[in-house]
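K.L.:
The sequence and its predicted three-dimensional model are supplied below.
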Amino acid sequence: MATASVAITPRTVVVGPVSPSAPVRNVGSSTTFSTTVTGGAKGTVTWSASAGTINAATGVWTAPGVPNPSVTITATSADNPAVSAGTAADVVALPVAVSLVPSTAGPLYGATVGLVPTFSGGTGVIGTSGTGSSNVTASATSGTSATSGTITAATTFTLTVTSPTATQATATCLVTPQTVTVGAITVSGAALVSGTPTVSDSHTATVGAAVSGASNGAINWTASGGSFSPTTTASGATTTWTAPGTAGTYTLTATAQANGSSHATTTIAVVDLPAVTGFTANPDSITSGSSSTLAWTTTGAVSASISPSPGAVALNGSSLVTPGSTTTYTLTATNAAGETATGTQTVTVTLGPAPLLTAFALTPETPAANPTVVGGGLYFTATCDSWQLTTPDGVVVTGGALAGGTVTISDFWGVVEDSGATSVSELYAPCAVGTFTLVLTRNGQQATGTFSYAAGDALNTGVASGGLPISGGPTGSLPCPTWGVL
């Protein structure tokens, strides 16, 4: 018998690399692994995993529910269990974006805010353009504030957290800036006329305003006329507005520098300056008791007055005045803004003629001439404005304007003879020895005269005083009165 032998060498079983290789997977996620097998009759593998669960036949692996940086996935040849291949999977946590909290949800207009993110399971960025935007910060740190840019409109900020598996989680917050408001404009240094501040042309007013709701409180000032100094102020500060030289109503505007759409306005009326265009006195020199006519014209005024008299007057007009002494009259014209203009006019007053004693005499009154008088009395006659007579025994007799009238001084029995427009109230016993003293008054000036008398003297013995002439009166003697009763 003949024999033959054949040597049979089986192929080597080779399990190829596992795919995907070294994957990073989220907890609880599923991954299908695969490989290739050569050299074996079955050409299949059995799958196993060190954590999580895997289908031994299909290689579908479910990652564990907790992170694990090194999970071994193994493919073992069904033909030769000694042959296998494997890979390590990294199981990571899911990203969590807990919150994004602003330092304030209502900051001042133009301000910045701090944004505090809280997150885990990945890297964080913060931006204003939705998921993944990073214009605020590209490297956020959980619990650490990041500063926004200036905020001038309602803005939604987004925190994006990206895990190693590129899984993302987000959190947002809305920040709305405060409304910029320019408060009412205050005006000082201007008169208030029917509720409207009023100044004279080319004059100034002090204005101010305050800004709220903005980090920048500066105010820019503009007007439909006139000028400001300075043109920009801090909130609450004031500026000086110089009115134009033309009367009218002007609008002043305070605009918030932070937001040009926020402003406040006010109006100021500008009026012409007052002027006294004419002020005369005709005549400007008079004698006491005479009158002068004041005449005047004004422009730009709403009221006028003349002091010391007549007081309030028309804006243009005339008035008759009778000053008792030299007087300076002041005309004051006032416009709606309270500005004044003045003019003066002096009326010179000279005294009228001094009193002149033209007839200073005592004449006897005898019983024959006047039977009612016992023994006789004395007549006193003068022409003057007012008079005062002092008898030798010290009795003072007064009277009003004589105007040529006759004053009668009766005897001591009390009989009064009154033949003129004046009166007396005392008698005089002519047997007394003494001197009559006469004081005449006119226009504030005085003249005096004396008349000495003793019983039996001639009556025409007047003595002039102050250069005044004395005349008149009959001569003769006046006896002592006869004592007795009618």
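P.N.:
Received the coordinates, thanks.
K.L.:
contacting residues around residue 308?
P.N.:
Listed by C-beta atoms under 8 Å, 6 or more residues apart in numbering, the contact partners of residue 308 are 327, 329. For the C-beta atoms, the positions are set from N, CA and C on the backbone; glycine is no exception.
K.L.:
For residue 331, see how far away it is.
P.N.:
The spacing between residue 308 and residue 331, counted by C-beta to C-beta, to the nearest Å, is 12 Å.
K.L.:
ditto for residue 191
P.N.:
21 Å.
K.L.:
same question, residue 144
P.N.:
Taken as C-beta to C-beta, the span from residue 144 to residue 331 is 80 Å.
K.L.:
Could you check which of these two has the larger neighbour count?
P.N.:
When neighbours are counted by other C-beta atoms under 10 Å, residue 144 and residue 331 differ, and residue 331 comes out ahead with 21 against 11.
K.L.:
Hmm, the more buried one is touching residue 280, no?
P.N.:
No: using C-beta atoms under 8 Å as the test, residue 331 is too far from residue 280 to be in contact (10.3 Å).
K.L.:
Identify the contacts common to those two.
P.N.:
With C-beta under 8 Å, 6+ apart as the test, residue 331 and residue 280 both reach 294, 296, 345.
K.L.:
Skipping its backbone neighbours, what lies nearest the last one in space?
P.N.:
Once its chain neighbours are removed from consideration, residue 345 has its nearest residue in residue 281; the separation is 4.5 Å (C-beta to C-beta, 6 or more residues apart in numbering).
K.L.:
was I right about the one you found contacting residue 291?
P.N.:
No: Residue 281 is beyond contact range of residue 291, at 10.5 Å (criterion: C-beta under 8 Å).
K.L.:
With neighbour numbers in mind, choose between those two.
P.N.:
Shown here are residue 281 and residue 291; by other C-beta under 10 Å, residue 281 has more neighbours (22 against 11).
K.L.:
Which secondary structure elements does the helix or strand harbouring that one sit against?
P.N.:
Assigned by DSSP states H and E, residue 281 falls within strand 275-282. Other elements packing on strand 275-282 under the criterion 3 or more C-beta pairs under 8 Å, 6 or more residues apart in numbering; DSSP states H and E are strand 292-299, strand 327-334, strand 340-350.
K.L.:
so where's the stretch 1-150 of the chain uncertain?
P.N.:
The model of the stretch 1-150 of the chain has no residue with pLDDT under 70.
K.L.:
ranges for the strands of it?
P.N.:
In the stretch 1-150 of the chain, the strands defined using DSSP state E, counting those that start in this stretch lie at 14-15, 24-26, 30-32, 37-38, 45-49, 53-54, 60-62, 68-77, 84-92, 96-102, 114-120, 123-127, 137-140, 146-147.
K.L.:
got CSV for those strands, with mean neighbour count and distance to residue 236 too?
P.N.:
Converted to CSV, these look like this (neighbours: other C-beta atoms under 10 Å; distance: least, C-beta to C-beta, whole Å):
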stretch, mean neighbour count, distance to residue 236
strand 14-15, 18, 83
strand 24-26, 19, 58
strand 30-32, 15, 67
strand 37-38, 17, 86
strand 45-49, 21, 73
strand 53-54, 18, 72
strand 60-62, 18, 68
strand 68-77, 18, 62
strand 84-92, 19, 57
strand 96-102, 18, 28
strand 114-120, 20, 28
strand 123-127, 21, 36
strand 137-140, 16, 36
strand 146-147, 16, 28
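K.L.:
Those: which one's closest to residue 336?
P.N.:
strand 96-102 (54.0 Å; C-beta to C-beta).
K.L.:
Against which helices or strands is the closest one packed?
P.N.:
Secondary elements touching strand 96-102 (3+ C-beta pairs under 8 Å, 6+ apart): strand 114-120, strand 155-162, strand 168-175.
K.L.:
could I get those as JSON lines with distance to residue 303?
P.N.:
Below are the helices and strands packed on strand 96-102 laid out as JSON lines (distance: least, C-beta to C-beta, whole Å):
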{"stretch": "strand 114-120", "distance to residue 303": "63"}
{"stretch": "strand 155-162", "distance to residue 303": "60"}
{"stretch": "strand 168-175", "distance to residue 303": "59"}
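K.L.:
Counting neighbours, what do you get for residue 94?
P.N.:
Number of residues near residue 94 (other C-beta under 10 Å) recorded here: 17.
K.L.:
Would you agree it is in contact with residue 164?
P.N.:
No: using C-beta under 8 Å, residue 94 is not in contact with residue 164, being 10.8 Å away.
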